[in-house]
Every structure is written in structure tokens, then in C-alpha cells.
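K.L.:
Based on what follows, work out the 3D shape:
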Amino acid sequence: MMTTETYRIIPLNSTFDRNSFDCDSEPLTHYFRHFVTQDIKRKLTNCFILTNTTHQIIGYYTLSAHSICLSDLPQQMKKKLPRYPTIPSIKMGRLAVNQPFRGQGFGGVLLIDALKRAANSEIGAYALLVDAKDDNAVRFYQHYGFISLLDKTDTLFYPLLNFKTV
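P.N.:
Model (predicted):
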């Protein structure tokens, strides 16, 4: 469980040691250590980190522009949207928590921050979209109200109109 220590979520910058980050997924660790800054420089993604007072990276997530095919949405949602072939969305491409901090609720903290940033964006977007890496990840996102796309049960979305910003 989180302590009374001060935490903050900020954009990734060069003052943080990415090499000490290690999560349970080699691809997520490798991407964070070696490629995320290149993608940020190319304007392909933005990366946000959760850090503590000792500047340890507790976790991270990435956000980028995306779209959802209208035909992939459940019927009850499609009928409320214009008949465009695709609907603008924001994709959380990666979400990971550093090994020493797993099981303490930080994944949820990062997810809520991503939802808040997406909902408060000045760019129009219907939903936050995620690709779950396994069944545990699907359950994690469903716990927070994410809905699977029709033919892609490991791709889930959260309608941003449903998110109540604080």
C-alpha cells in the first residue's frame, strides 16, 4: 500500500535514470530504457512517469494519437456517434510499474492519471484505448470500466465522456 511519501506524475525528462527501471515485461523495460526518448523527440508519443522524493521511477505510461474503427464499437455506442469510418481516440501504448513497487496500487494511479490527461486534452478524442498484453491485464482494465472492442477482446477502450475529472 502507498505510504505518506510524496509522489508526482510528470513528463519524462533526462534527469531520471531509466536504466534502473525493470518491470515484469522485457519488451516494456527495453522500450523504456532504449527507445522512449527517440519516440518523444519524433513526436510519436509522450511519456509520463510516477516518481517519488528520491527520484526513483515507480512506473510510466505513454500516450499518443490514435483512432478507433466505428465498426469495432458496440452497437449502443455506435448509434450515438457520427458515421465517420474512424473515431478519434488517445492510445495508452504502454503502462508499466517498476518491480520494487508492484502490488501497491501504482498501476491504477498511473491509469487514472492517463484518463485524466486524455479527458482534459485540448484535442478532441472519444476514448482512451489500450492493448492488454494478457488476461490479467484485461481484468485490470475492466476493473476500471474499460470495454473490449467487438472482435478484439484484448483491445479495450474507455469513453472519455464517462470520466469525471476532479
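
K.L.:
residues near Glu5, how many?
P.N.:
For Glu5, the neighbour count with other Cβ atoms under 10 Å is 8. From N, CA and C alone the C-beta is placed, and that goes for glycine too.

K.L.:
Surely it is within a strand?
P.N.:
No: using DSSP: H, G, I helix; E, B strand; the rest coil, the assignment for Glu5 is coil, not a strand.

K.L.:
Leaving out chain neighbours, which residue sits closest to it?
P.N.:
For Glu5, ignoring the flanking residues on the chain, the nearest one in space by Cβ to Cβ, 6 or more residues apart in numbering is Asn52 at 5.6 Å.

K.L.:
Which residues does the one you found form beta bridges with?
P.N.:
Counting by DSSP bridges, Asn52 forms beta bridges with Tyr7.

K.L.:
how far away is it from Ala96?
P.N.:
Distance of Asn52 to Ala96, given as Cβ to Cβ, to the nearest Å: 16 Å.

K.L.:
who has more neighbours, these two?
P.N.:
The residue with more neighbours, out of Asn52 and Ala96, is Ala96; 25 against 15, by other Cβ under 10 Å.

K.L.:
where does Pro159 land on pLDDT?
P.N.:
Listed pLDDT for Pro159 reads 95.

K.L.:
Need phi/psi at the closest residue to it other than its chain neighbours.
P.N.:
Distances taken as Cβ to Cβ, 6+ apart place Ala127 nearest to Pro159, at 5.1 Å, with adjacent residues excluded. Dihedral pair for Ala127: phi -150, psi 160, per degrees, to the nearest 10.

K.L.:
what's around Ala127, how many residues?
P.N.:
26.

K.L.:
how distant is stretch 143-154 from the center of its chain?
P.N.:
Put simply, stretch 143-154 sits 14 Å off its chain's centre (Cα atoms, centre = their mean, to the nearest Å).

K.L.:
May I have it exported as CSV, CA atoms only?
P.N.:
These are the backbone C-alpha positions of stretch 143-154, laid out as CSV (Å, rounded to 0.1, in the frame of the first residue of the first chain):
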residue,chain,number,x,y,z
HIS,A,143,-11.9,-3.3,-13.2
TYR,A,144,-11.6,0.4,-14.1
GLY,A,145,-14.5,0.3,-16.5
PHE,A,146,-12.8,-0.4,-19.9
ILE,A,147,-14.8,-2.1,-22.5
SER,A,148,-13.5,-4.6,-25.1
LEU,A,149,-13.8,-3.8,-28.8
LEU,A,150,-16.2,-6.2,-30.6
ASP,A,151,-13.7,-8.5,-32.3
LYS,A,152,-10.6,-7.7,-30.3
THR,A,153,-11.1,-8.7,-26.7
ASP,A,154,-7.5,-7.7,-25.8
